[in-house]
Structure formats: C-alpha cells, structure tokens
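In: any chance you could fold what I've pasted below:
(chains A, B and C)
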Amino acid sequence: MKKLLVKGGMTVALLSLSALPVLAQDGEAAPAVTPEVAYIFNTLLFLIGGFLVMWMAAGFAMLEAGLVRSKNVSMQCLKNISLYSIAGLMYWITGYNLMYTGVDGGFIGSFGPYAFDPVGGDALDTGYSTASDWFFQMVFVATAASIVSGTVAERIKLWPFLLFVVVLSGFIYPIAGSWQWGAGWLSEMGFSDFAGSTLVHSVGGWAALTGAIILGARKGKYGADGSVHPLPGSSMPLATLGTFILWLGWFGFNGASQLAMGSIGDVSDISRIFANTNMAAASGVVAAVVLTQIMYKKVDVTMALNGALAGLVSITAEPLAPSVWQTVFIGAVGGAIVVFTVPLLDKLKIDDVVGAIPVHLIAGIWGTLIVPLSNDGASYGVQITGIVAYGVFTVVASAIVWFALKSTIGLRVSEEEEALGLDKVEIGVEAYPEFGMGSQRM
Amino acid sequence: MKKLLVKGGMTVALLSLSALPVLAQDGEAAPAVTPEVAYIFNTLLFLIGGFLVMWMAAGFAMLEAGLVRSKNVSMQCLKNISLYSIAGLMYWITGYNLMYTGVDGGFIGSFGPYAFDPVGGDALDTGYSTASDWFFQMVFVATAASIVSGTVAERIKLWPFLLFVVVLSGFIYPIAGSWQWGAGWLSEMGFSDFAGSTLVHSVGGWAALTGAIILGARKGKYGADGSVHPLPGSSMPLATLGTFILWLGWFGFNGASQLAMGSIGDVSDISRIFANTNMAAASGVVAAVVLTQIMYKKVDVTMALNGALAGLVSITAEPLAPSVWQTVFIGAVGGAIVVFTVPLLDKLKIDDVVGAIPVHLIAGIWGTLIVPLSNDGASYGVQITGIVAYGVFTVVASAIVWFALKSTIGLRVSEEEEALGLDKVEIGVEAYPEFGMGSQRM
Amino acid sequence: MKKLLVKGGMTVALLSLSALPVLAQDGEAAPAVTPEVAYIFNTLLFLIGGFLVMWMAAGFAMLEAGLVRSKNVSMQCLKNISLYSIAGLMYWITGYNLMYTGVDGGFIGSFGPYAFDPVGGDALDTGYSTASDWFFQMVFVATAASIVSGTVAERIKLWPFLLFVVVLSGFIYPIAGSWQWGAGWLSEMGFSDFAGSTLVHSVGGWAALTGAIILGARKGKYGADGSVHPLPGSSMPLATLGTFILWLGWFGFNGASQLAMGSIGDVSDISRIFANTNMAAASGVVAAVVLTQIMYKKVDVTMALNGALAGLVSITAEPLAPSVWQTVFIGAVGGAIVVFTVPLLDKLKIDDVVGAIPVHLIAGIWGTLIVPLSNDGASYGVQITGIVAYGVFTVVASAIVWFALKSTIGLRVSEEEEALGLDKVEIGVEAYPEFGMGSQRM
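Out: Here you go, the predicted model:
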C-alpha cells in the first residue's frame, strides 16, 4: 500500500488520523477514496459532530432550568449561555494550544491564541480543516463547564461562577486534556479514554464536587437532625427536553471522536459507536426505572433522565469496542450508579442540585475503569492511574480557584438573597413572572 | 454507459441499494463515484437520518407533555423516554431480525439478536454499514410506539403501557414491517409505502385506537348527555416545539428512506423528498388554519399543529414521485382530515388525548391510498389490500396484548388516582410543583 | 488545470459554484474529487444547511413565545408555524423565480412557480440538486418573516399578519434578494453580503420597524408622562431555548452559504465560517453581559440572549474573511448595539416586543457596513448604497402593504381584546390554561 503511494508521487500524512485510502489494483488507478475526498469527509464529520455537541449546551441549559426552582431559572439560563460563550473565547485565547500544541509526552502545551485555516485553505496534509477540529474540540470544553453550573446552582453568585469558567475552560481543562488527547504523558503510558468519560465528564464532575463542598448546601436542603428535604425542580418537561438534547448531541460527542470518516472502516466504526451510544443510554434508563420501582414503589422521572445520561457517560470512554451485551451491561451499571449514589451524596450533605456528580463523575469513573473489558489495548492499572491523576489535579486546581474567589469577591449570595431567589437579586428578570410566585401574583 | 461498465470489467454489487456509480469515458479511468465513496455516503445518510428521527422521540415527548394536563406531564415525559429506550433494546433483541432477515416473500423473519458491524468493518459489498442501517430502522419503531403513548395518556398505568411497548417494538411492528420492507408477501404483491405512512404511522395508529377503545375515555371527557368537554393541554408552546421537532425529524424520516446517497440521482431524489416533505406539511397547516377559521370563526392552534403532522404523514407513503401540485393536494387533504375527524372521534366517544388517530392512522391511510396518483408502479387495489392487512393484523395483535394486560395487571388507574393525576400516584415527581395546582400552592 | 480538464475530454460547468476539482498528476488519472462526488457534497451541504435553518423557525417560535405575555403565547405559536408554512408555499409559487431566474443585472426576476429536479435527476452540470437549492433558499425567507412576527406581537390581528407574510415572502423579499443574490444591479455594483445581514435580517427588520410604527405601541407600554413600563415575557427558559436553537441553526445559515463543499478549499472555508460564527455570537453575549452589569448593576438575561443574536447577525454579512480578532470585535459591537439601542427605541416609543429591530436591523446594518474591514473586494460606499437601497425599498413596500391592510381589514385588535389577550379572542386555546391567569384559575 505504501509502495503504491510512493510510486504515485504523493506524500500522504493522513495515517495518524484516518485509515489509508484504499487503492485500486494498480499504480495507474486512482485511490478508491482520494485524499481530497477523505479530507472533505473528515472535516464534515467534525462540523456535524461539532454542531451536535454545541447543541448539548442547550441541553444542559434546559436540564438545569428544569431542575432548579423557578426563582433561580433566569440565572441558570444566563449562566449557561454565558459559560458556553466564555468557553468558546478562552479555548481560542489559550485552551487549544495548551492542549494540543507541543505537549510531546509532557504535562502541558504552549501558550497563545489558536490560528484557524486561512481562507481557501488547501493544506491537504493535515487530513482535515484545522478550524473544524478547533470547533469540535471547543464544544467539548463547554460541556465540562456545563457540568459545574448544574451542581452549584441556586446559591453561587454570577461573577465568581463565570470567573471559574474562565479558568476551567482556558487552563484546567486544556492542561488536563493535554496529558491524553494532546499526546502527553498519560497517552504515552497507554491510558484509554475515547471520547472523554474522564477527560470531559470526570474533570467537570471533580470541579463540581469541589465547588459543592466549598460552597455548602442550599439553605433548607438538610435539616439539623440529618433529614433531607427535597427541593423539587420547576419543570419536568424542560428537564426531559434537556436530556433528549444531550442524548442527541452525544452521537456527535462519541461518533465524531472517531476523528475520521474518509474510509469505509472509519464510517462503519462511527456507525457502531452510534448504535452503542444509543444502547448504553437506553440501558441506563431501563435500569433506573426498574430499580426505582423496586426500591421506592414509584418511578422517579429525574432518575430515569439521569439514568440516560449516566449510561451515556459510561460508554463514552470506549463506545467502539464493546459488544452489544457489554454495552448493555456498561450502560445499565451507569443507570444503577445514579439510583444508588444520589442518596449517598445526600448522606454526606453534598448538595448537587441536578445530580451531576453521580452522572458525570461517578459514571465517568465507571466508564473509564471498565474499558479493558472490551479493549485489549487498555489495562486496569493504567486506567486507575489516569483516573487518580485527573482527580487529584482537578480537585487541587479547582480548590485553589474556588478558595481564591471565596476570599476575594465571595462565592455565595446572602441568606436573604438565596431565599428571595437569584433572579430577583442578580438578574432582575424573573423566569416566569406570571406563574407561581412570580411578581404579578404577589 | 452500461457498455462502458462491462468494458471496465467490474462487478458492482450495489445495484439493489444505490444507483450505479457513473463511470468515466474509458476502462482505465476510475468510476466517478467509487464503491468506497458511495459506501461512506450511504452510511452517512443513515447516520444523519437516524439522528434526525431519534430527535422525533423528543418531539413526541414535548407534543404530548404540552397536550396533557399538568398533573400528568411527568408521567408523559417518563413514558416517552422509557418507550424510546425499550424500543431500542427490543429492536436489537428480536425486532431487526424478525423484520429483515430471511423473510423471503413470507410473513415473518428470524428470531435472535442483531449483530452490528465488527470494529473496522470492511465488508464493502453491503454498500453501507450494517450498524448504521440498524440505527436508522430502530428509530422508526420508536416512532410507532410514541404514537400510542399520546392517545392513551392520562389514564393508563405506567407498567402495562411499557409492557405493551415491549411487545409492539419487539414483535408486532417488526412482523408487520417484514411483509413490506423485509421483502415479504406485500412487497412481492407490489404494495408501495416509501417511508411508512402505513408501516409506521398506521400501525402505531391502529394500536393506539385499539388501546383507546379498550381503556375507555378519561373521566369527565364525555357527559352522559353526549356532551363533549375539552380538557385543554397544559402548554401550547411545548406542543408547538414538539411539532417543529417532528417536522425537522421528518426530513430524516422521509429523506433517508431513499436508502442511498452515493450517486447524483440518489442525492437529487433526497432533495426532492426534502422539498416535498416540507411542502406537504406547510399545506397541512394552511388547510387546517383556513378550515378552522371558516368552521369555528377562530383558529385552533392545536389543529394547526396537527395539520402539519397530518400533512407529513400523508406524504410519507410517497414523498418522491408527486409533483409539487400533487404534494400540496395530498398535504392539504391531510390537514383537512384532522379538522374533520377530531370531532368525529369525539362523537364515537373515542378519547384520543393528543389527536394521534386522525394524524397517524387516518392521514396514514390517506397517504397510502393516494400513492397511485403519482406513482405508476402502484395500484389502488394493492394499496387497499395492504392497508386492510396492516389494520387487521395490528388491531388483532394489539387487542390480544391489551386484553391480556387488562386481565392480569390491569390497564387503568382508579378513578381517584385519575383525578389526582398520574404524577402524584405513580411518579411522585410533579411536573410543575410551583405552578397551577402544584403541591406548594395547595 | 484547465488544460488537463480539456485533455481529459470532460466539460466541467461547476466553476461558478465550486472550486475546480483538483486533478492528479497526469491526464489519465481521474480528478481527486470527481464532478459527481462534488455534486453530492454540494447538495448535501444544502440539505444539512437547510434543515438547520428550518430549525430556526422553531427558534423564533420559542424566543417569541418566551418573550410575550402568557395571554398571547398560543397566538405567537400559531403565527410562527403559519408563517413558516406560508413562506414555503409562496417561495415556490412566486418567490424563487422572482429572485433567481433571469434577473441579469436588473431589479426583478421572472414570475411563475419553481420546478424541482425530476425524479432520478442527473443534470450534472448544475453542480448540485436544484431542489436542495430551493429548500435552502426557502428557509431563508421564513427567517425574514419570523423577524416581523416578534416585533408586532401582542396587538396585531392574525389574518392581516398572515397576509403581510404572503406579500413579504412571495414578493418583497424575493425582489429585494434578486438585486444581490440573483445577480442583479447591486451584485454588479460590487455589493457584498455573504449570508444576509442585509438581504435577510435588515429586510425583515425594516418590515418590522415599519409595522411597529404603523401599528403603534401596546397599551400600557408607554405612559403619557414618557415613562416606559416593562411588560415582562412569560418564560425565560423558552426564550433561552429559542436563542440556542437560532445559534445552532446559524451554522447552517452562514456555513452553507458557502454554496459548495466539493473541494478542500470550500470545506475549509465552511469550517472557518463555523468557527467565526460561533466566536461572534460568544462575543455578543460577553459584551452584553459586561455592559448591562456596568450600566445597570444587574445582568439582564434577555440582553444576553439578544447579544448572542446580534453577534450572529453582525457576522452574517462576512463570516469568512475576518480574522478571529476582527470577528470578536464585530460580534462584540453587535452585542453593544443591543444594549444601547433597546432603550433608544423605547425613547422613540417604538414598541418592539422581542427586540428584533436592534438585533436584526441595526446589527444587520453594522455587519454589512463593516465588511470592507476584512474583505478587500468590498467598499464602504457600495455597502452604504446597498443598505440604503434595501432600506428604502423595504420600508416603502412594507408601508404600502401595512396601510392597505389597515384601511381594509384593519391591523389591530380592539383595546378590550388586547387586554384580554389574543389567545382568548382569536385562538380560543390558551397557552397555559392551568397557570397564572389561565381560565381554570379564574
């Protein structure tokens, strides 16, 4: 194969990204998929995958808007559109190059803004448009930031939250990401995380956990006597919509992480990833529904929604290799994790408003741990090393930022402001002025 | 062109799926679209079509959440995410093979779970990735199940509904589907249903109708004196959102049912299908808006929404062949069907909460019947045969399952539970705890 | 390159649309991207871009449903689904040909319905499927109509609004569009508007402004003493959802306006457009958030949402050429425009319910004006000429239609009807019958 390529007089640098274009029987014939066509397919994959993952920002916004109380819904909407915007800017200013440029087996890339393709770009040797790659990677960092916003909702002030997002998306996530996807030390060690159970979801989850502990629980959530008081979310259909959006976006998240679509092997793998991704989510839902029926004699719709998400997070570290049976097992355990760890967090008085820690952190660890079940190239030892390394780094880095913010501008609204709701205090625009306790009804 | 192909000495096994790749002028030249490139395009079509139809699950969820009363909204959300999950699992466990493997002109396929592509799949002769095909077909069965959930809402218990979905998606739909799309007896007879006016929408509609009759109407819907009491849905914007989602998803539903995108003929046909699909929906809306204005002096927004959906269902049996004028006619009749049959069902005291029977069953019959208007290969006699066969089979099979469930675990909540709302009784999570009659306001 | 093509004996007519397919080293070899493969990619671009822009109809519906008061939400939903339907029909009956057929440097195209591809279309020389092009252009006219519906909400009657949409989508927009995209006089003069800052957004904005002035403000909006009374929208999460939908759809709006994806230069440019589009929106959000915090000590979520949209509109005239720094500047000015011009309109007592005039008209002018900053082919003088020409034409044409409607069937509901809400008066279906002032609570 290589010989024919050389004979054809072409230098092909696509090998790392895409299966080699299949050639016809003799040197005179063109390859079955020319490098130009493969380039278009690869780039198109990033664009489609990118817009699907971008759409997950809306999913998180709706999920969180549905799971907070109506007095904090405008704030949650504002935080979500702002964090997506900040993540986009920061991932250009510092993020991409910190994560991908010049890591070389190390712990960090280079500083400086990223340069897109020039107009009419024709650098065929990359195998894809660099701007499409940037776009696809950028939407991932927004996902990590979205995870945090759900956990710390209903009591954190706007500006410290946004400043945390600046640091998370511009520095913490890219540096952590460089270790593996930037070809850093964990990648050299053989760590395996296909689409980010650890790199995206656990990193977001650790940052969220650290924030939740430092912030403390919402007033009224835990009684002095150890009792737990549910503070029900304001809109189940919006939470359901958010979950469906995330499920849809996940086809881009996992599927386009194949990073190439210019050969029949690659597009078949993407198809397999689509099917497995769906199957894991479905199994997470069924596990959560059945388990809550057995344990509580009622089915909790929020558990079913989080079961879907946990199934998705669980399969994200390895959506390609598992057989369907393995996928069903991995996803169902993800769903079970939600059912069992949501009450556990409440026992520890860690107040996670939307259940992001079970879904993204714990299912993310599960998904990363179980990779060697189906992927012979991975080992349990290295997977654990990676999980621990990401945990330690993210917790320490996040804690430094959270404490720095706490000791300067402060993290939390006052008790009276929390009772009044963040919408009135910091936004001035109520989410539902005509419903419930909205102004016009008071 | 054909001569050149023979001269080129190539064996082309894509014929059943895709138009023949166009060849250049002489034997030495490669085909204009190589089989590998066609494979990638075909698979990509299934993936894009698949994620668009998957998104329809969210559309049904929102449509139904908007059209039930607020006390049953959480239940409706839970049913929709659960049915999509169950459909995915069942269509792998039994569905796909029952529908597509070894039907051979008969009435049923084979038993057993479906096997996806292996990793790095390279079986070029299929013309597309098998996992992508599975994914695309799977989302269709979820659509059929979604149709049922809307009709029987607000009084059916959760578990009998979910068990019905297990049987519908694992057995009834796939067996029925095998007759036509699995190359079974109706296909051999010359029945024509491009994307499923009958196979998907009428099958779902018949199952829904059977369920509605066996369940009976909601308390308070029909007075003893024959009066009809509207029970208005809780959120028109959610119903509107659901309709737009379904409209968007329908481009995948009809467009990707072309099943191939690897030639200019195929991609042009897909484009024509997109345009016709949009035109039929638009005509359905305009017909419903104009007719309700004339008949009631007011325009009912739910009629406009269902008009769009009925237009879409109507064109689904043949979205390719009709001229634009024919498309406008077909879609507008679909919209009119909604306006005239919604009151008719009420006269028969068949309580269809969201109007799914007019939209999916009656417009589905209309769309299937009218195929010969534009498609010379179809005949009215065979179309009627198919419609009747699907009706009889689905009604009988559904009735058996509904009655079996009724006589064992029971189908319907008690009268008090119905008054209280399914959310409080079976879910324990209210949809809008702070609004309307939500707990905190009582 | 041309020589090789001639030597190969092929006639290639794709030049106007797509970069020339790259050829291999000698005459015998096939082109790297064959015209057939380029045709499929080009058509696929229109289909993907088309369904993304179609989805923007849902975005406008949700944005407007969230920003009107609950008594007018059903009406706003109905108007949006109806206008999308009417735009689709009118753009087939007269629109497309008025805009694209036989303009030849002039002011208007031809009359008559548009003909899609025949079934199995094989006219390779167009370079793309004509039906896909129609579909993509059609969804743009719907966008222009959606802009109007938001501004004139809460007081205009249904039928005059729909009749205005008939004229706008069938005549005003296509004639105006023919001047530039139909290769009319402005195009010959060198005007530059890549994806429609002026052709779509300003045209919609001018029509909206004219309507708002002729209709007058909502009762209660402006006090006799010059005071301004906010009439808060009913649902911030729906407005947020709508904004995210529009943001997603904009990747299709701008990206697919490249009009070709069959070469690596084209797909790289599309990637660059995706990245720039996202960056402009993000900058608009950040500018609006920072400015409202500084000016009002609170952050207004509706300003953040409109900041995103204004950033998007601003970059739409030239999403390809600007460097990232230029993009950030262009988008941030867009966000600032919203913050400063929303209060300005209130001073002029022009009642724009959703803020569409600042977002679409003023940011549209800004985006068109600033094109020469990054695009050497454009000049400020010609840009201003185009902006003025579109403004004069649209204002005059719209005013004629608005006044004709006013003097015949009337534009505005009565004062009592406005107080009661359009849903009760014209629709008969309340949006939220169980919440707020919904019927069951009265």
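In: gap between the nearest residue to A:Trp92 once chain neighbours are set aside and A:Ala144?
Out: In this structure, A:Trp92 finds its nearest non-sequential neighbour in A:Tyr114, 5.3 Å apart by Cβ to Cβ, 6 or more residues apart in numbering or on different chains. No exception for glycine: its C-beta is placed from N, CA and C like everyone else's. Going from A:Tyr114 to A:Ala144 by Cβ to Cβ, to the nearest Å gives 18 Å.
In: the more surrounded of the two?
Out: A:Ala144 (30 against 23; other Cβ atoms under 10 Å in any protein chain shown).
In: not including adjacent chain positions, what is the nearest residue to the more buried one?
Out: A:Gly204 (3.9 Å).
In: so how far is C:Gly223 from whichever residue of the stretch 151-300 of chain A sits closest to chain C?
Out: Taking Cβ to the nearest Cβ, chain C has its nearest neighbour within the stretch 151-300 of chain A at A:Leu238, 5.7 Å off. Using Cβ to Cβ, A:Leu238 is found at 35 Å from C:Gly223.
In: hmm, back to that, make sure the residue nearest to A:Trp92 is indeed in a helix.
Out: No: checked against DSSP: H, G, I helix; E, B strand; the rest coil, A:Tyr114 lies outside a helix; its state is coil.
In: so what's it up against?
Out: Contacts for A:Tyr114 (Cβ atoms under 8 Å, 6 or more residues apart in numbering or on different chains) come out as A:91-92, A:95-97, A:134, C:324.
In: coming back round to it: output the contacting helices and strands for the helix or strand the residue nearest to A:Ala144 falls within.
Out: In the assignment (DSSP states H and E), A:Gly204 maps to helix A:203-215. Contact partners of helix A:203-215 among helices and strands, from 3 or more Cβ pairs under 8 Å, 6 or more residues apart in numbering or on different chains; DSSP states H and E: helix A:130-151, helix A:173-178, helix A:356, helix A:380-407.
In: rerun at 10 Å
Out: Under the contact criterion of 3 or more Cβ pairs under 10 Å, 6 or more residues apart in numbering or on different chains; DSSP states H and E, helix A:203-215 touches helix A:130-151, helix A:158-167, helix A:173-178, helix A:356, helix A:363-369, helix A:380-407.
In: could you point out which element follows that helix?
Out: Heading C-terminal from helix A:203-215 (DSSP H and E), you reach helix A:236-255.
In: near chain B, anything from that following helix?
Out: Yes: with Cβ under 10 Å from any Cβ of the partner chain as the criterion, chain B is reached by helix A:236-255 at A:236-245, A:247-252, A:255.
In: rewinding a little: counting neighbours, which of the contacts of A:Tyr114 comes out on top?
Out: A:Gly95 (29 neighbours).
In: run a quick neighbour tally on the closest residue in space to that residue that isn't next to it in sequence.
Out: Counting by Cβ to Cβ, 6+ apart, A:Pro174 is the residue found nearest to A:Gly95 once chain neighbours are left out, at 4.2 Å. A count of nearby residues for A:Pro174, using other Cβ under 10 Å, gives 25.
In: A:Leu373: what's it in contact with?
Out: A:318, A:321-323, A:326, A:329-330, A:380 (Cβ atoms under 10 Å, 6 or more residues apart in numbering or on different chains).
In: now for these, which pair is the farthest apart?
Out: Largest separation among these by Cβ to Cβ: A:Ser323 and A:Tyr380, giving 19.0 Å.
In: settle this for me: A:Lys406 is touching A:Pro160, isn't it.
Out: Yes: between A:Lys406 and A:Pro160 there is a contact under Cβ atoms under 10 Å: 7.7 Å.
In: ok, the two, which is more surrounded?
Out: Just comparing A:Lys406 and A:Pro160: by other Cβ under 10 Å the higher neighbour count belongs to A:Pro160, 22 against 14.
In: how near is the closest residue to that one other than its chain neighbours to A:Ala399?
Out: With Cβ to Cβ, 6+ apart as the criterion, A:Pro160 has its nearest non-adjacent residue at 4.3 Å, and that residue is A:Leu405. Counting by Cβ to Cβ, the gap from A:Leu405 to A:Ala399 is 11 Å.
In: hmm, back to that, can you name the residues that contact the residue of the stretch 151-300 of chain A closest to chain C?
Out: By Cβ under 10 Å, 6+ apart, the residues touching A:Leu238 are A:61-67, A:73, B:62, B:65, B:77, B:238, B:431-432, C:235, C:237-238, C:240-241.
In: quick one, grab the pLDDT at the residue nearest to A:Pro160.
Out: Here, the pLDDT recorded for A:Leu405 equals 98.
In: could you measure from it over to A:Ile156?
Out: Using Cβ to Cβ, A:Leu405 is found at 9 Å from A:Ile156.
In: which one of these two has more residues nearby?
Out: The residue with more neighbours, out of A:Leu405 and A:Ile156, is A:Ile156; 26 against 21, by other Cβ under 10 Å.
In: who touches both of A:Leu405 and A:Ala399?
Out: Joint contacts of A:Leu405 and A:Ala399 (Cβ under 10 Å, 6+ apart) are A:211, A:214.
In: the closest residue to chain B within the stretch 301-442 of chain A - how many residues pack around it?
Out: Taking Cβ to the nearest Cβ, chain B has its nearest neighbour within the stretch 301-442 of chain A at A:Gly436, 3.9 Å off. Applying other Cβ under 10 Å, we find 23 other residues in the vicinity of A:Gly436.
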